[in-house]
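Chemist: no sequence for this one, just the structure:
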């Protein structure tokens, strides 16, 4: 029998994350889901640093390399008044 693959957590736009670099840890927000384009189908996301840093403000990383701080609030759908 083959092993059952589990789908990794998908990071939606608006997720707040920590990016761990060799010299620092930076807080950022997911601003775009680039899709499953990485090696082995890894999810790639574009993030924007929310703290001042010497690193670029926007960059792309594999989602699995990020630590989730909080997920965005779900959107509430309202029915149109009739």
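Modeler: Received it, and whenever you're ready, just let me know what you need. These numbers come from a predicted model, not from an experiment.

Chemist: And for residue 71, the neighbour number?
Modeler: Neighbour count for residue 71, taken as other CB atoms under 10 Å: 13. For every residue, glycine as well, the C-beta is placed using N, CA and C.

Chemist: Measure how buried the closest residue to it other than its chain neighbours is and give me the count.
Modeler: Using CB to CB, 6 or more residues apart in numbering and skipping residues adjacent in sequence, the residue nearest residue 71 is residue 15, 5.5 Å away. Number of residues near residue 15 (other CB under 10 Å) recorded here: 22.

Chemist: Kindly report the same for residue 60.
Modeler: Residue 60: 12 neighbours (other CB under 10 Å).

Chemist: got it, and residue 28?
Modeler: Residues near residue 28, counting by other CB under 10 Å, number 25.

Chemist: What separation do you get for residue 49 and residue 14?
Modeler: 15 Å (CB to CB, to the nearest Å).

Chemist: the more surrounded of these two?
Modeler: Neighbour count, other CB under 10 Å: between residue 49 and residue 14, residue 49 has more, with 16 against 13.

Chemist: List the contacts of the more buried one.
Modeler: Taking CB atoms under 8 Å, 6 or more residues apart in numbering as the contact definition, residue 49 lies against 19, 26, 27, 28, 55, 56, 57, 58.
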